[in-house]
Every structure is written in C-alpha cells, then in structure tokens.
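Enquirer: quick one: sequence and predicted model below, then my questions.
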Amino acid sequence: MISEFQFRTFYRSKSSTTSIGLFLFIISLSCSSDPQKRPSPLRSDSAIVAGVNVYVEFSSPAVKNRLIFGTEAEPLVPYGELWRTGANNATFISISNHLNVDTFQLDSGTYSIFTIPNSDEWTVIFNQEWDQWGSYNYKDSLDVFRLNVIPKIVDQSQERMLFYFADDSLKFRWDKVRWSIPFSSLP
C-alpha cells in the first residue's frame, strides 16, 4: 500500500514531468521549423542574368543594434574569418547554364557562397558543397574559385542582410556594407 507521502511525491513528479513536457512542446512550437518564422528568415531572389536563370537563397539575419563587422568589441561577423554569409544554412546560388562570374567561369549547378570579410576587401568563395549548415563542414578543397571584391561603406544601414540580382550582378547589402559581383555570358 502507498503512503500519503509516496502518493504526493509520485503526483508531484508526474506533474513536473507533464509541466516540463508541456514547456518543451511550447518551445518547439515557437522555434518552428517554418523557415519564414525563424529569427533569420529564409529569403531568396531569382532573375535572368546574361540570359541564364539564376537563384540565390539565404537566411537573413538582422542588425538589431549590434556591431556586425569588425575586430573590436566582439562583432557578430569578425574580420578575417570565414563566414557562411548569412545565418542557418550556408547561402547558395544555382545557375541553369554556364556564366562568367567576374573573371571566372562557373558551370551550371548549385554552389555555396562563403566570404571572408575585411574592412577594405572581401574574399567571396564559391564552393561545390552547397547543402550544409553554417560553415562547420566547409572544405577549401571544394572551392570552385575565390574572388576579391571591394566593399562600399554607406551612411544608411540595411537592417536585414540581403542578396539580390540587379544590373547583371549579384548584390549584397547588410548594415552599412555593400558589394556586387558582375555576371556575364560566355563568349
């Protein structure tokens, strides 16, 4: 036979287990797998650039009054370090046919875009392994090419990170940083 003390202890432990389960369920709902409801929502852009279908997909973090780029005061994206160029999954680009990207030829396919930001120059990396979380499994041996771009620093801040196509170029904007990479058809 169970004593009153044992019954109350059992009831409390079951109540705690139920409460914890309910709490975890509520948390799982708020951390929805819906990419549009994440703190860094999934975004994309597509266009026909130099006669080729192009598509870019990225998770778009916000500035939220944080220091984004730099070397001092623990920036979100430190200079000189590899970055997935967004949040969550690595940013990727798909192209339907061969294109020149700046001075490099890029075959049709899908590629991740990583960057190494610095104050006066960014290294932009097109990598063969496009479907990966962050940059944790990045392998430089899978780089298709690296190119350097000169960032433009502007007065007006862009709250959400953005990639988009315009003027036959892939353009990047976040915080006060802007850069672009020209695309052209093969000769």
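Expert: Everything's here; your move.
Enquirer: for the residue minimising distance to the centre of the chain, grab phi and psi.
Expert: Centroid-nearest residue in the chain, with Cα atoms, centre = their mean: Gly86, separated by 2.3 Å. Per-residue torsions, Gly86: phi 150, psi -150 (degrees, to the nearest 10).
Enquirer: can you pull the contacts of it?
Expert: Ser40, Phe58, Ser59, Ser60, Pro61, Met161 (Cβ atoms under 8 Å, 6 or more residues apart in numbering). Just so you know, the C-beta spots here come from the backbone N, C-alpha and C atoms, and that holds for glycine as well.
Enquirer: enumerate every residue touching the residue nearest to the last one when sequence neighbours are not counted.
Expert: Leaving out its chain neighbours, the residue that sits closest to Met161 by Cβ to Cβ, 6 or more residues apart in numbering is Trp174, at 3.9 Å. Under the criterion of Cβ under 8 Å, 6+ apart, the neighbours of Trp174 are Pro61, Val63, Ile68, Gln158, Arg160, Met161, Leu162.
Enquirer: host element of Trp174?
Expert: Using DSSP states H and E, Trp174 falls within strand 169-184.
Enquirer: got the buried residues for that strand?
Expert: Neighbour counts using 16 or more other Cβ atoms under 10 Å place 169-181, 183-184 of strand 169-184 among the buried residues.
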